[in-house]
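Asker: fold the following, please.
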Amino acid sequence: MKKLIVALGSLSLLAMPLTGCGGSKGNDDPIVPDSGPVITDGGLIIDDAGEDAGPTETDAAEPEDAGEDTDAAEPEDAGEDTDASQCVPRTEEEAKASACSTGALNAACGPKTVPDGCGGNMDITCGCTGELKCEDESHTCVEGCVPLNSNTGHAYYCNHAPNFWECGGKIERDDLCGGKVMVNCGGDTACKGGKVCDTDPDSDSYLHCVLKECVPEAETDAKFCERYHSECGTADGVDSCDNVKHVDCGGCTGTDICVSQMVTAGSATYLERSCEEAPTAIDLASCVETEGDTSSSDASKVMLVEKNNSYLYAAPEIVYAWKASASGDVTITATPWNNGDYDLVLYVVDSLASRTPIKLADSGINSEREPYGAAESLTFTATQGKTYYIVVDGGDWSSHRYDRGPFHITVDDGTCTPAENPYDGKVVISGLYTGGGNNSYPIWFQDYIELHNQGSKDIDLSNWTVFVSPVDSSSNWQLKTTINRGTIKAGGYFLIGHVSPKGDTATAQDIPAPDKTTGKVTANTMQLGEAHKILIGMPKGTTELTEVEGVLKPNGSGALTSNDLKNIACPTDKGILFTYGSTGTCGSSLPELPNATQALPYLGYVFYSEDGCEAIDGRTELTVTTKEVVDDQASHQTHKEITAISPMPRNSSTTAHQCGD
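Answerer: Below is the predicted model of the structure:
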């Protein structure tokens, strides 16, 4: 017990005894600190033991006998100090008054854990006012009656006061609002240590787990299968005599098969096996990429395979039927589309009634879940003429999260050959501009030729050449440049341009950095006229491209020369021939590309294929954006400058695009 003496002027008052419990006892009690000195209004310091800690400035002003008056005022039987450990916790009413809300509509309600005022915690339940009810899931006060659902019904009836049901199967019970709710307390499986439910599940009495006298005939196999919810298949568990058993619960009749599903009743989750109609199997052919979707209407709602009873593969599943045309190893691969953010499980069985897979692929079984979008692949040995069932299932992790989504699946039985890409080895002219260099009003300073590799293989351009000839000439081929070395990547672009002086044209733009330049403008450099033939020549003697270390290379040797093209008007077998400006010349019907003949704004044209895959069938108008620039502030003279041009020439830095993707 502590005593606080407050001195006011020359008058000393004896404070009432205070109880210290580390905080307030109730809402109306004064707060007394656990430790440290207390400074009174009169300046007297009372230390933690209740002793005077020494005079303050106020003490110095007091009469010398002030302390004696205080002592005289103390009752002789004040008693000894009370031990601070004798703390009285708050009552439930005090805790509710402090921690609960008003109980009005939409206010918080339900169970809470709050401090008890003595360093511990206590559980309280906050209610609602009037006719309002506390909704169990949201813990808020709502109007009217809130009926129990399967989850709240489990919480109310199973292992929860005041009912204390410990077990029992699916039983229809009062939902507390005049209706009914199906409650499942786990059946006999909720009882452990050989105990069983003491009452018929259909009775109205509370169900408890009790010990059952163990006799050899205490539990038949049929009762065991019933208790483990197994109409078919093998039930594993403990019988009523606490013996581990593996009981064959039988098969199914007709075309039905034994399937499994997870059943959740409140907090209890168990496996249920039943006879169901077999899922429809989709025919699957070898060497053909087939699309599927575990979230589609084709997915079955059954589980064909279990893993240690605790690791299950979840519905929905896509089931395929595949017949082996020959005996040997078969590889099956299933891959989520576009690296989808979901997991797959892949397995194969030799009949839909089989409970054990021949081979199973799921890299998330015994380790952390594999990255989303990972392909699953398995290999097994097939027997000629036998039909196998291939199942693609959504992944199931320890949290029973079932993934689903689109995928593609392939079966390689050894007869498959990689599909030939019709674009491999094919390089085309995908862009051409002829208005640069010698043009009075060019959009680009340089003429350029843009090449595109349409296929999936890199192509070596070493010893490839660029020849230009007037459209009406039969033999006048001029060599403009030879590509000494260079590779055009799969789906990539390669830009060839000449170096041109800017001259007096301040409005034109430089093309993006060429991958190959033809030197300064001379009679021999690449100045393309309004009507020309262009040949992108492959090395002489080339008949086809051969793959070497992942790169397609011409099988000829040495670069073409003008002599190699002498008297050949349309050398289509020498490389890539592109003709424009004269209808019918070498099979071309492309128009010419006229030079601009007026100041900005003006029309400019290019030959251009938007994706490099479609053939160029006409000229494309350039879209030119300009701005006005002031030359002389005094005279207000201005000129226009180009700020943007579309389409732009593409070079090796441009994002690749493979045709056929």
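
Asker: for the stretch 301-450 of the chain, which residues score under the pLDDT cut-off?
Answerer: For the stretch 301-450 of the chain, the stretches with pLDDT under 70 are 301-316, 338-342, 355, 363-373, 394-404, 437-440.

Asker: apply 80 and report the result again.
Answerer: Along the stretch 301-450 of the chain, the model assigns pLDDT under 80 to residues 301-317, 337-344, 353-356, 362-374, 393-405, 418-419, 435-442, 445.

Asker: all strands for it, in order.
Answerer: Using DSSP state E, counting those that start in this stretch, the strands of the stretch 301-450 of the chain run over residues 306-307, 311-312, 314-323, 328-336, 344-349, 359-361, 376-382, 387-394, 406-412, 427-433, 448-453.

Asker: point out the most buried one among these.
Answerer: strand 448-453 (a mean of 28; mean count of other Cβ atoms under 10 Å). C-betas here are computed from N, CA, C, even on glycine.

Asker: beyond that strand, next helix or strand please.
Answerer: Helices and strands here follow DSSP states H and E; after strand 448-453, the next one along the chain is strand 458-460.

Asker: just the residues contacting that next one, thanks.
Answerer: Contact with strand 458-460 is made by 425, 427, 453, 486-490, 545, 550-554, as judged by Cβ atoms under 8 Å, 6 or more residues apart in numbering.

Asker: the helix or strand immediately after it in the chain pairs with which strands?
Answerer: Downstream of strand 458-460, the next assigned helix or strand under DSSP H and E is strand 464-470. Using DSSP bridges, strand 464-470 pairs in its sheet with strand 478-483 (antiparallel), strand 532-537 (antiparallel).

Asker: N555 contacts L545, correct?
Answerer: Yes. Taking contacts as Cβ atoms under 8 Å, N555 lies within contact range of L545: 7.3 Å.

Asker: for those two, indicate the residue with more neighbours.
Answerer: Of the pair N555 and L545, L545 is the one with more neighbours under other Cβ atoms under 10 Å, namely 21 against 13.

Asker: tell me the pLDDT at the more buried one?
Answerer: Listed pLDDT for L545 reads 88.

Asker: ok, now which ones touch it?
Answerer: For L545, the contact set (Cβ under 8 Å, 6+ apart) comprises 425, 459, 552-555.

Asker: cutoff 6 Å now
Answerer: 425, 552, 554 (Cβ atoms under 6 Å, 6 or more residues apart in numbering).

Asker: same question for I483.
Answerer: If you count contacts by Cβ under 6 Å, 6+ apart, then I483 has 461, 464, 516 around it.

Asker: change it to 10 Å
Answerer: Applying Cβ atoms under 10 Å, 6 or more residues apart in numbering, we find I483 in contact with 451, 460-466, 494, 496, 515-516, 536, 559.

Asker: do a quick rundown of the helices in this protein.
Answerer: Taking DSSP state H to define them, one finds helices in the chain at 57-61, 66-73, 92-99, 150-157, 221-227.

Asker: show me which residues of the last one are buried.
Answerer: Same thing as helix 221-227. In terms of neighbour count (16 or more other Cβ atoms under 10 Å), helix 221-227 has its buried residues at 224-227.

Asker: name the nearest of those residues relative to N651.
Answerer: C225 (72.8 Å; Cβ to Cβ).

Asker: gap between that closest one and L271?
Answerer: 12 Å (Cβ to Cβ, to the nearest Å).

Asker: okay, and the common contacts of those two?
Answerer: Common neighbours of C225 and L271, counting by Cβ under 10 Å, 6+ apart, are 233, 235.

Asker: nearest residue to G558 other than its sequence neighbours?
Answerer: K540 (5.2 Å; Cβ to Cβ, 6 or more residues apart in numbering).
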